[in-house]
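Asker: this is a predicted model, with the sequence first.
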Amino acid sequence: MGVGADSRAATRADRRSGLSQQRKCVGPVLRKTCFVVCGATVGFVLLLGVSLLYLPDPYKAEQFVPEENRVVTLLIWTHPFGQYRKLPNCSALYQIGGCTLTDDGRVYSQADAVIIHHRDVATGHGDLPSEPRPLEQKWIWMNYESPTHTPRLGRFEGVYNLTMTYRADSDIFLPYGYLVPRGSRTEGLHDRFAHSLRSPSLRRLLRPRLVAWVISNWSESHARVALYHQLSRYIRVDVFGRAGRPLPEDSGGSVVRLVGRYQFYLALENSQHTDYITEKLWNAVRAGAVPVVLGPSRQNYERFLPPEAFIHVDDFPTVRGLARYLLMLRRHPARLRRHLDWRGSYSLHQPAFWAEHYCTACRAVRKTRDRTYSVQDLTRWFHS
Ligand SMILES: *[C@@H]1O[C@H](CO)[C@@H](O)[C@H](O)[C@H]1NC(C)=O
Ligand SMILES: *[C@@H]1O[C@H](CO)[C@@H](O)[C@H](O)[C@H]1NC(C)=O
Ligand SMILES: *[C@@H]1O[C@H](CO)[C@@H](O)[C@H](O)[C@H]1NC(C)=O
C-alpha cells in the first residue's frame, strides 16, 4: 500500500548517506573540506530531521512534478454521516486544478473515482454503487474513525482500489492535523487553514489554570476514563463537554479558546491504534497548552510532532508520577518552556472536513490514473 511510500523510502536512504558523510569528516587533513561538507551535511540532516515528520502526500517534493492536464470527475457517494455540505472549489481553496467534484449519482458511469465514506455504507443507510463498475474507475475507501469504531470491515474485502485515512501508510494520506516547518515552500500553500504557532512569552506560560479535559462520549470502559479517575485523585482536572460542564459553544474554535487558559490539556483518544491521533491533540497544540496524550505509543506520536511537544502517559510508571511532573512544571516555568519552545519553528495545519479530503483525493486520482490498484486485506491492514 502507499502511493507515497517511494518518497518515504528515499528519505530514509538519503538520511543514511548523510550520516555516513558526517563520519568521514574526522581526519585533520581534510579539515577545510570537512568544514564545508560537514556544514552542508549538518544543514541537510537538520532539514531531513524536520521532514521526518509525516506530511501528507501533496506536501512532498513529488508535488512539483507536472501533472497531466486532463480533468477528472470525483463522485462523492454519500455526504459523510448524512450531513450535507457544499462541495469545495479545489482550485480556489487549495490550488488543486483539474477536479470536477459532484454528489450527483447520475454521473456514476462517467466518474473516474467514487469516494465512499465507510460509516455510511457499513451501517446499512447506504449501499455501495452497483457493479460492474466502469473500467478504470477507482473506488476510494474513506474512514476517519479508529478500528474500534469501524464496524463490518469484513464485508468490504476486495472491493476498493484506494484507501484514504489518517494512517500514514494509506494510499491517500490526510491526518487530522500536521505541522509544517516555518519557511518551507509548502507553508504558504494553505494559509487559510494554517495557524502560526508561537513560542510562549512569560505571560503566556503563567496561565491561570492547570489541566482541562473536554469529553463528549463518556464510557467507563474507555482507558481514558480510567486515567481521569486516577489523575483527579492527585490534581484538579476541569472537565467540559457532555459529561462535564457545558462548553460555551460546541465548536472547535471555542474549545481552543477555552483550552488557551490552561497549561495542560488531556488529549486522550477514545481507543489506541496506529497513527490514530485526532483533533484533540491538535486543538491543544493550537491553544498553546501542552498536550498530555493517551493513544498510540510515544514513538508513533514522534512521527507527527517533536518529542518534547507532548507528555505521554507512558512516560511515567504511575499516574501519580505524571501528576507530580505536571505540578513540578507549574512551579518551574523554565522547565515548562522546554515543552513549548519548539513552536517557534512550525505552523499547524488542520484540514477542513471534508473539503480538503475531497480535493486531496482528487489530486491523487489525477496522479494515479492509468494505474490499477486493489485493496487486499483491508481488515488486517487497518487493525495493524
Ligand atoms: C473555482 O475557482 C476558480 C478560481 O478561483 C474559478 O476560475 C472557477 O470558475 C471556480 N469554479 C467553480 C465551479 O466555481
Ligand atoms: C461511545 O463509546 C462507546 C463505547 O466504546 C461506543 O460503543 C459508542 O459507539 C461511542 N459513541 C460515539 C458517538 O462515538
Ligand atoms: C478496482 O478494484 C477492483 C476490485 O479489486 C478490480 O476488479 C478493478 O480492476 C480495480 N480497478 C482499478 C482501476 O484499479
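Answerer: Everything's here; your move. Numbers count the residues shown, from 1 in each chain. Ligands and ions are numbered 1, 2, ... in the order given.

Asker: could you use CA atoms for every contact and neighbour count after this?
Answerer: Fine.

Asker: so T100 touches L87, yeah?
Answerer: No - using C-alpha atoms under 8 Å, T100 makes no contact with L87, being 9.9 Å away.

Asker: tell me how many other residues crowd the residue nearest to E220 when sequence neighbours are not counted.
Answerer: Using C-alpha to C-alpha, 6 or more residues apart in numbering and skipping the chain neighbours, the partner closest in space to E220 is A226 (7.0 Å). Other residues near A226 come to 12 when the count uses other C-alpha atoms under 10 Å.

Asker: helix, strand or coil for A226?
Answerer: Classification of A226 by DSSP: H, G, I helix; E, B strand; the rest coil places it in helix.

Asker: pretty sure it sits against W218.
Answerer: No - shown here, A226 and W218 do not form a contact pair, counting by C-alpha under 8 Å, at 10.7 Å.

Asker: quick check: the gap between the most centrally placed residue in the chain and A92.
Answerer: The chain has P175 as the residue nearest its centroid, 2.8 Å off, counting by C-alpha atoms, centre = their mean. Plainly put, P175 is 22 Å away from A92 if you go by C-alpha to C-alpha, to the nearest Å.

Asker: one step back: so for T100 and L87, which sits in the more crowded spot?
Answerer: Between T100 and L87, T100 has the larger neighbour count (other C-alpha under 10 Å), namely 19 against 16.

Asker: would W213 count as being in a helix?
Answerer: No - under the criterion used here (three-state DSSP), W213 is strand, not part of a helix.

Asker: show me what it bridges to in the sheet.
Answerer: Counting by DSSP bridges, W213 is bridged to V239.

Asker: avg pLDDT for stretch 230-246?
Answerer: Here stretch 230-246 scores 86 as its mean pLDDT.

Asker: who touches it?
Answerer: For stretch 230-246, contacts defined as C-alpha atoms under 8 Å, 6 or more residues apart in numbering pick out 210-218, 247, 319-320, 323.

Asker: ok, 7 Å please
Answerer: 211-216, 218, 247, 319-320, 323 (C-alpha atoms under 7 Å, 6 or more residues apart in numbering).

Asker: check which helix or strand covers the closest residue to ligand 3 within the stretch 251-384 of the chain.
Answerer: Proximity of the stretch 251-384 of the chain to ligand 3 (C-alpha to the nearest ligand atom) peaks at T372, 3.2 Å away. T372 belongs to no helix or strand when elements are defined using DSSP states H and E.

Asker: show the pLDDT at the residue nearest to V159 when sequence neighbours are not counted.
Answerer: Among residues not flanking V159 along the chain, V375 sits closest, at 7.2 Å (C-alpha to C-alpha, 6+ apart). Looking at V375, its pLDDT stands at 95.

Asker: which ones are touching V375?
Answerer: By C-alpha under 7 Å, 6+ apart, the contact list for V375 reads 158, 160-162.

Asker: intersect those residues with the contacts of ligand 3.
Answerer: 158, 160-161 (C-alpha under 6 Å from any ligand atom).

Asker: using a markdown table, lay out those residues together with neighbour count and pLDDT.
Answerer: Listed next are the ones next to ligand 3 among the contacts of V375 as a markdown table, based on neighbours: other C-alpha atoms under 10 Å; pLDDT from 0 to 100:
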| residue | neighbour count | pLDDT |
| --- | --- | --- |
| G158 | 12 | 95 |
| Y160 | 19 | 97 |
| N161 | 18 | 97 |
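
Asker: between those residues, which is nearest ligand 1?
Answerer: N161 (27.1 Å).

Asker: give me the distance between the closest one and V375.
Answerer: Separation of N161 from V375 (C-alpha to C-alpha) stands at 5 Å.

Asker: what about the residue nearest to the centre of the chain, which SS state?
Answerer: coil.

Asker: then L266?
Answerer: Per three-state DSSP, L266 ends up strand.

Asker: that one and T165, how far apart?
Answerer: L266 is 24 Å from T165, where distance means C-alpha to C-alpha.

Asker: looking at those two, which one has more neighbours?
Answerer: Between L266 and T165, counting by other C-alpha under 10 Å, L266 is the more crowded of the two (27 against 23).

Asker: dig out what the more buried one forms beta bridges with.
Answerer: In beta-bridge terms (that is, DSSP bridges), L266 pairs with V292.

Asker: state the pLDDT value of the closest residue to ligand 1 within the chain.
Answerer: Closest to ligand 1 within the chain is A92: 3.7 Å, counting by C-alpha to the nearest ligand atom. On the pLDDT scale, A92 is placed at 91.

Asker: great, nothing more from me.
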